[in-house]
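1. sequence? don't have it. structure:
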C-alpha cells in the first residue's frame, strides 16, 4: 500500500493503469474506494493517481486543513513525490472544488480538467445544504447520515429501478468509514471557499458533468 510522507500528511494513494497521468480527487468524506466502479475501465487508457485527501481514510494528517488550499498543496506535493510535472485532473463533488482551486493556483500542472457534480461558487441554496449536512452529521446516527447522503445523491428513477443499490453500496463502504470530525473539517473548509472571486480563471480545457436530479449540488 503506497504512502507518501508529505509535509503535512502521510498521504495514502493508489496507482492503477497506464497512459497519461490522471489525478482523481474524491468527494466529501470519500476514500479511494469511491472510484471502484470506474477505475479498471479508466485504467485502460490512463495512469490513475487516486489519493485520499488529508485526514480521510488512511491519509493521516500531521496538521489539520483550514481551507481548500491545504488540500491543493498536498496534491501538488504528491505529484512532485511521483515526479509528475503535469497531469489531467478529475474532481468529484468537493474534489471538483479542490480541482478548480488547483487549476487556478497551479495552471501549469493541469492539462485537462473534469469537474463532476460540483460548483464554482456557493450561493444561498448550496450554503444551506452544507449547513444541513453539518447538522445531520452532528445529530444523526452515522448509518442514517450515510443513507441520507446516498439517497439525496441518487436519481429517483435509478433508485426506483435498482432498489438494492444503496444497501449494497453502504455495505461495501462500512469497512472504510471516515470519522465524523474529518468530514466536519471538510465541511468547514468548504465554508471558507471563495472560488467565485476575482481570481477565478481556468485555462485548462474543461469538461463539466452534472446530474439533472442532484439535489445536493443542482446542475
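-> Everything's here; your move. Given the structure is predicted, the values throughout are model-derived calculations rather than measurements.
2. Just the element for the residue nearest to residue 40 when sequence neighbours are not counted, please.
-> Nearest residue to residue 40, sequence neighbours excluded (Cβ to Cβ, 6 or more residues apart in numbering): residue 16, at 7.5 Å. Every C-beta, even on glycine, is put in place using the N, C-alpha and C of the backbone. Using DSSP states H and E, residue 16 falls within strand 9-17.
3. hang on, residue 185 packs against residue 65?
-> Yes: the criterion here is Cβ atoms under 8 Å, and residue 185 meets it with residue 65 at 6.6 Å.
4. quick one: which of these two has more around it?
-> Applying other Cβ atoms under 10 Å to residue 185 and residue 65 shows that residue 65 carries more neighbours, namely 23 against 18.
5. Touching the lowest-mean-pLDDT helix or strand in the chain from outside, list them.
-> One helix or strand of the chain scores below all others by mean pLDDT, DSSP states H and E: helix 165-173, with a mean of 79. Outside of helix 165-173, the residues within contact range by Cβ atoms under 8 Å, 6 or more residues apart in numbering are 33, 36, 143, 146, 147, 150, 151, 154, 158, 159.
6. on that earlier part again, name all residues that sit in contact with residue 185 and residue 65 at the same time.
-> residue 55.
7. still on that earlier bit, show me which pair in the contacts of helix 165-173 is furthest apart.
-> 143 and 158 (21.3 Å; Cβ to Cβ).
8. what residues are up against residue 3?
-> 10, 11, 12, 13, 58.
9. Distance check, the residue lying farthest from the centre of the chain against residue 152.
-> Distance from the C-alpha centroid of the chain peaks at residue 161, with 27.0 Å (Cα atoms, centre = their mean). Here the criterion is Cβ to Cβ, to the nearest Å. By it, residue 161 lies 18 Å from residue 152.
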